[in-house]
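> need a 3D model of the following:
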Amino acid sequence: MRNEIWTEKCILSPSLISVCDLCNLEHSVRQLEDAGIEMLHVDILDGHFSPSMPLGLDTVRQLRKKTNMIFDVHLMTTAHDFFVEELLDIGVEQLVFHGEMEPHMDNRLNQIRKAGVRAGVALKPGTPLTQLEYVLEKCDAVLLMLINPGYAQSKAEGQVPYASRKVRELHEMITRRGLDTKVILDGRISKQNMEEFAPEGLADIFVAGSTCLDKSDLKNSAVALREYRKSILGEV
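I've put the predicted structure just below:
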């Protein structure tokens, strides 16, 4: 199932730092596994790219030994060399880095893909899609932030009003070139986002955080979210 998942519609990728108990990660991951979730969204921040640093690489390395879930990594750092090398050594399945912080996007994508890992570029809300113009063909995935990264705890931080337009323009860009690049949406992702973008294939991977999963009842809320996914895709 590990490879087949990339062909599915509306892939759920729960955010480790948003919905898991960081003092008892293995327990949280087991709850997600029991609910039938196969992918885990792993945010790596350095405290410089954005004002947060909730998860260390050593923790990810230990967690890798305890689960076969697919690690969908979102790298939010000001410098990439060290983090990319460590994450490739840990053994992640997909790794996206921020284009705004990478002076050699083409080379970085080559490095990750050469290691047998799916590679992609993440963009902050205000970054134009033109940054992808000459590297899109090498992107297995593009992650669109729908809120400003690192400010998820701020109640004043909502999804940007141009989110839908940006998602649709990226889908058109991918379709026009005949690519199979997956679109990942991250930042206050809701059931309404899934309903708007999943059935038509406008986005493929939805980073599920506290907006659509209940940290205090993780397994049951994940089961419910999977059922909701089936309903909007007409699978029930």
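> just grab the bridge partners of I70 for me.
M39 (DSSP bridges).
> over to I205?
Going by DSSP bridges, I205 forms beta bridges with I11, I184.
> where does this structure dip in pLDDT?
Scanning the chain for pLDDT under 70 picks out 1, 150-156, 236.
> ok, which stretches of it are strands?
For the chain, applying DSSP state E gives strands covering 11-14, 39-45, 70-76, 94-98, 118-123, 141-145, 182-186, 205-208.
> give the buried residues for stretch 142-150.
For stretch 142-150, the neighbour count (16 or more other CB atoms under 10 Å) marks V142, L143, L144, M145, L146, I147, P149, G150 as buried. Bear in mind the C-beta positions are built from the backbone N, C-alpha and C, glycine included.
> isn't the fourth one up against G187?
In other words, M145. Yes. At 5.1 Å, M145 counts as touching G187 under the criterion of CB atoms under 8 Å.
> common neighbours of the two, please.
Common contacts of M145 and G187 (CB atoms under 8 Å, 6 or more residues apart in numbering): P125.
> V142 contacts L136, correct?
Yes. The criterion here is CB under 8 Å, and V142 meets it with L136 at 7.4 Å.
> pull up the overlap in contacts between these two.
With CB under 8 Å, 6+ apart, V142 and L136 have common neighbours I174, T181.
> returning to that earlier point: which single one of the buried residues of stretch 142-150 is nearest to H74?
Distance to H74 across the buried residues of stretch 142-150 (CB to CB) is lowest for L143, with 6.1 Å.
> residue contacts, that closest one?
Contacts for L143 (CB under 8 Å, 6+ apart) come out as H74, V96, G120, V121, A122, L123, I184, L185, D186.
> and if you look at E235?
Listed by CB under 8 Å, 6+ apart, the contact set of E235 reads R229.
> distance of it from K9?
Distance of E235 to K9, computed by CB to CB, to the nearest Å: 9 Å.
> again, but for D89
Per CB to CB, D89 is found 32 Å from K9.
> and F83, how far from E169?
For F83, the distance to E169 - CB to CB - is 29 Å.
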